[in-house]
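Student: The following block contains a protein sequence and its predicted model.
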Amino acid sequence: MAAMSEPSQPITTPQAAFGLATPYRDVTCGELGAADAGREIRIAGWVHRRRDYGGLIFIDLRDRYGLTQIVINEAEAPEAAAVAGKVRSEFVLEIAGKVARRLPGTENAKLGTGEIEVQARSVTILNEAQTPPFYINEPDAPVEESVRLRYRYLDIRRQPMLERLLLRSELVKAVRDAHHRAGFVEVETPILMKSTPEGARDFIVPSRLQPGSVYALPQSPQQLKQLLMVAGLDRYFQIARCFRDEDLRGDRQPEFTQLDLEMSFVDEQRVMDFVEAMIIDVSRAVVPDRPIRQLPFPRIDYHEAMERFGSDKPDLRFGMELVDLVPALGEGSTGFRVFDETLAQDDASGVTRGRVKAIAAPSMADASRSQIDELVAFARRYGAKGLAHVAVAADGTGHSPIAKFLGDDRIAAIVKAAAAAPGDLILIVADSDQETVAQVLGHLRQELGLRLGLADPKVLAYCWVSHFPMYKWDSDGQRWDATHNPFSGVVPEDEKLLVTVSGDPYKPSRQDPAGKARAMQYDIVLNGWELGGGSVRIHKRELLERSFALQGYSLDKMRALFGGILEAFDYGAPPHGGIAMGIDRWAALFAYQTNIREVMAFPKTQSGTDLMLEAPAPPEPAQYSELGLRFVGTETPDGDRAVAGQEVGK
RNA sequence: GGGCUCGUGGUGUAGCGGCCUAACAUGCCAGCCUGUCACGCUGGAGAUCGCCGGUUCGAAUCCGGUCGAGCCCGCCA
């Protein structure tokens, strides 16, 4: 270690180590000020706008650092004026001239460089440009996203995209800095990998050297980072590209970036403490103007989150919590058949799972019939059979279409239970499945919180949600499916629950105690988005095999899928745990975006295509034979076979 | 796999059975202009309304299909 060379000067800003001057320019378009008046300089950039007065031409020259006004005076520089007359938007120019203070009264306060202008001696066209397909110089002008994606390189010239990419760069830098400060080692894991047991569909890459075999692109570096803990790296992180071949959404792309980290000799507390400190550092460095709602971050148990917010990713910027109405409805028949039948439902173990819960939406009591209908339709999308409502009048009394069934006393009790204020609209969901109730009210709460402006867009409300159930029963597969990561450890006091009624871990059933086991699993949530999730892993082979058995993996299948990691665990795996966080989502939330495409340089459309590169595309014929592949296409209902873009021989 | 929305000059929109020989803004081209910075003024070019088919005397406008984009459910953490 001592033999390592002394570190060179730390690179704090680009200028400090390696100036922005190049053979084409002495200065950028963002740096000249009044103090530079009189300097002879060369400057280069794109034509943002040109204003031609005949004998006098103004050009706003743009690069990513800013805008600088160039003046070309025909009387003083006739050759430059002749060139400037031919210049059009987005031409690339090199200007030589003199920095001068603007005439009094013509300064532009909106421009960082607005005190000065460059009086051009010469104008050189470095490259011409076609008229761009949309406005680059008007940042707010709406453009259909598909057009922006097709010409993404022009879209990125526009201020908003540029700013978001710079913000993302700052985010990644802050993340790296925080990890290096804490002694983490950055390791790159392979992109050509073997299938990871994450549950999503893999992207497959055929192997030429091993005909008939394929690589899988990583859904996450999960197994490798655990192996790095076995290897003794102690603290690892990576800004990792991950791939999942599933349908896209505004917050889901087929390839995305995760901050992936793992630590050894830790418990849940230690991992969460580090991650929380790191998040605070990063937030303060990247978006110092945005207040963090609560420190330390609230830590909420999964069950509590579902009860109070109907979501495992609650938006804590506002209240509007879910209320259980069952106590308020009292004993015996409520008079309303929907409620009665719901509450009469018992599950297999005899426990009542049916629920009647509500939220109170402020200032919505005067919602119109069509507004109510829209809310009902919204609720139905998430599985509700209906949505009852009680409007709270100015005098505090509740008014509802179901009052005729429930009676005034029960309506009053509901208003009281919901802690509803005059003007509130109480929205009630009853269902025999408590998860449906939570899901519906959780989505209503989130949606109304945003619509009613209850969520301060500036606030960063981070929170932890932890102790997820280890497993969820998969009735199709007759097995316990890991709710998150199949390597997640069990909360120590629940370890005894990882058994089956049958006594054979390979014969799981719905009634197993395993269904009640809680995982050492924690999600980090920001403003209603799941930013990331992690766990303390099982590091002992015996327990891991037991957990996998419950998940329906036979010994043989276990060896085939996880042989490498199982073997490694025999060579001294330390206790370890970590987390993975979505960089794209984090950047999007920092940038006030609801769509991660807005913080990705070259995202894909919802159908998984790249409109600029026109990817994916059919392979070259030579590639088929090299890889030993033949596309048989997709069978259509008429028995024809089709492969996009080509005929397939019979 | 499913539901919903959208597709009109380069861009963004209006028009939603005949009055459309498709309008407006901006952009583009030409001319004029020496202090603008969303410069201004004058003139001009530019779309047959995503594509295919149907209904109709008549379709940008209605219907069906298809392609593309978006949001959502499923899927996915």
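Tutor: Arrived safely, thanks for sending.
Student: which ones are touching the residue in the stretch 251-400 of chain A positioned nearest to RNA strand B?
Tutor: For the stretch 251-400 of chain A, the residue positioned closest to RNA strand B under Cβ to the nearest atom of the strand is A:Arg381, at a distance of 5.2 Å. From N, CA and C alone the C-beta is placed, and that goes for glycine too. Counting by Cβ atoms under 8 Å, 6 or more residues apart in numbering, A:Arg381 touches A:His443.
Student: Go again with 6 Å.
Tutor: Remark: with contacts taken as Cβ atoms under 6 Å, 6 or more residues apart in numbering, A:Arg381 is in contact with nothing.
Student: likewise the one 3 residues further on?
Tutor: A:Ala384 makes contact with A:Val429, A:Val440, according to Cβ under 6 Å, 6+ apart.
Student: can you tell me which helix or strand it belongs to?
Tutor: When elements are assigned from DSSP states H and E, A:Ala384 belongs to no helix and no strand.
Student: A:Ala403 versus that one, what's the distance?
Tutor: 20 Å (Cβ to Cβ, to the nearest Å).
Student: cool, A:Ile565 as well?
Tutor: 60 Å.
Student: who's more crowded, these two?
Tutor: A direct count of neighbours by other Cβ atoms under 10 Å for A:Ile565 and A:Ala403 places A:Ile565 higher, at 20 against 17.
Student: Quick check: that one touching A:Gln223?
Tutor: Yes - between A:Ile565 and A:Gln223 there is a contact under Cβ atoms under 6 Å: 5.1 Å.
Student: residues from the stretch 401-550 of chain A in reach of RNA strand B?
Tutor: A:His443, A:Phe468, A:Thr483, A:His484, A:Asp523, A:Glu530, A:Gly533 (Cβ under 7 Å from any atom of the strand).
Student: now do the stretch 101-250 of chain A
Tutor: A:102-103, A:105-108, A:110-111, A:114, A:117, A:131, A:133-135, A:138, A:141-147, A:198-201, A:219, A:244, A:246-250.
Student: switch the cut-off to 6 Å
Tutor: A:102-103, A:106-108, A:110, A:117, A:131, A:133-134, A:141-147, A:198-200, A:219, A:244, A:246-247, A:249-250 (Cβ under 6 Å from any atom of the strand).
Student: tell me the helices in the stretch 301-450 of chain A, going along the chain?
Tutor: For the stretch 301-450 of chain A, the helices defined by DSSP state H, counting those that start in this stretch cover A:302-309, A:326-329, A:337-344, A:369-381, A:403-406, A:408-417, A:434-451.
Student: got the buried residues for the longest one?
Tutor: Using 16 or more other Cβ atoms under 10 Å as the test for burial, helix A:434-451 gives A:434, A:436-446, A:448-450.
Student: In this structure A:Val118 contacts A:Gln69, no?
Tutor: No - taking contacts as Cβ under 6 Å, A:Val118 lies outside contact range of A:Gln69: 7.2 Å.
Student: Quick check: the closest residue in space to A:Gly572 that isn't next to it in sequence vs RNA strand B, distance?
Tutor: Closest residue in space to A:Gly572, ignoring its immediate chain neighbours: A:Val230 at 7.0 Å, by Cβ to Cβ, 6 or more residues apart in numbering. Separation of A:Val230 from RNA strand B (Cβ to the nearest atom of the strand, to the nearest Å): 23 Å.
Student: When A:Val118 and A:Gln69 are compared, which one has more neighbours?
Tutor: Legend: neighbour count by other Cβ under 10 Å for A:Val118 and A:Gln69, higher for A:Val118 (28 against 22).
Student: Angles on the backbone of the more buried one, please.
Tutor: phi -110, psi 120 (degrees, to the nearest 10).
Student: Spell out which residues sit in contact with it, please.
Tutor: A:Ile70, A:Gly97, A:Val99.
Student: tell me which element the most centrally placed residue in chain A is part of?
Tutor: In chain A, the centroid-proximal residue (Cα atoms, centre = their mean) is A:Arg585; its distance is 2.2 Å. Using DSSP H and E, the element containing A:Arg585 is helix A:583-590.
Student: so where's chain A shaky on pLDDT?
Tutor: Residue ranges of chain A with pLDDT under 70: A:1-17, A:196-198, A:345-353, A:633-650.
Student: Longest helix in it, by number of residues?
Tutor: helix A:159-181 (DSSP state H).
Student: what packs against that one?
Tutor: Under the contact definition 3 or more Cβ pairs under 6 Å, 6 or more residues apart in numbering; DSSP states H and E, helix A:159-181 sits against helix A:268-286, helix A:583-590.
Student: Okay, buried residues for it please.
Tutor: Buried-residue list, helix A:159-181, by 16+ other Cβ under 10 Å: A:161, A:164-165, A:167-168, A:170-172, A:174-176, A:178-179.
Student: Stretch A:107-115 too?
Tutor: Applying 16+ other Cβ under 10 Å to stretch A:107-115 flags A:Gly112, A:Thr113, A:Gly114, A:Glu115 as buried.
Student: Surely the first one is in contact with A:Leu67?
Tutor: No - the pair A:Gly112 and A:Leu67 fails to qualify as a contact (Cβ under 6 Å) at a distance of 7.8 Å.
Student: ok so, going back, can you add distance to A:Gly552 and give the helices and strands packed on helix A:159-181 back as CSV?
Tutor: Formatted as CSV, those follow (distance: least, Cβ to Cβ, whole Å):
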stretch, distance to A:Gly552
helix A:268-286, 26
helix A:583-590, 31
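Student: for those helices, which one ends up most surrounded?
Tutor: helix A:583-590 (a mean of 24; mean count of other Cβ atoms under 10 Å).
Student: Quick one: residues in contact with whichever helix or strand comes after that one.
Tutor: Counting by DSSP H and E, the element after helix A:583-590 in chain order, helix or strand, is helix A:621-627. In this structure, residues lying in contact with helix A:621-627 by Cβ under 6 Å, 6+ apart are A:Pro206, A:Arg208.
Student: Mind doing that once more with 8 Å?
Tutor: So helix A:621-627 is contacted by A:Pro206, A:Ser207, A:Arg208, A:Pro211, A:Leu629, A:Arg630, A:Phe631 (Cβ under 8 Å, 6+ apart).
Student: which residue packs closest to the second one, ignoring adjacent ones?
Tutor: Distances taken as Cβ to Cβ, 6+ apart place A:Ser213 nearest to A:Ser207, at 4.8 Å, with adjacent residues excluded.
Student: and the one you found, how many neighbours does it have?
Tutor: Counted with other Cβ under 10 Å, A:Ser213 comes out at 9.
Student: Ok, A:Lys516 next?
Tutor: 11.
Student: Quick check: it touching A:Lys496?
Tutor: No - applying Cβ atoms under 8 Å as the test, A:Lys516 and A:Lys496 come out as separate, 10.7 Å apart.
Student: Who are the contact partners of A:Val390?
Tutor: By Cβ under 8 Å, 6+ apart, the neighbours of A:Val390 are A:398-400, A:402-403, A:411, A:414-415, A:418, A:420, A:425-426, A:428.
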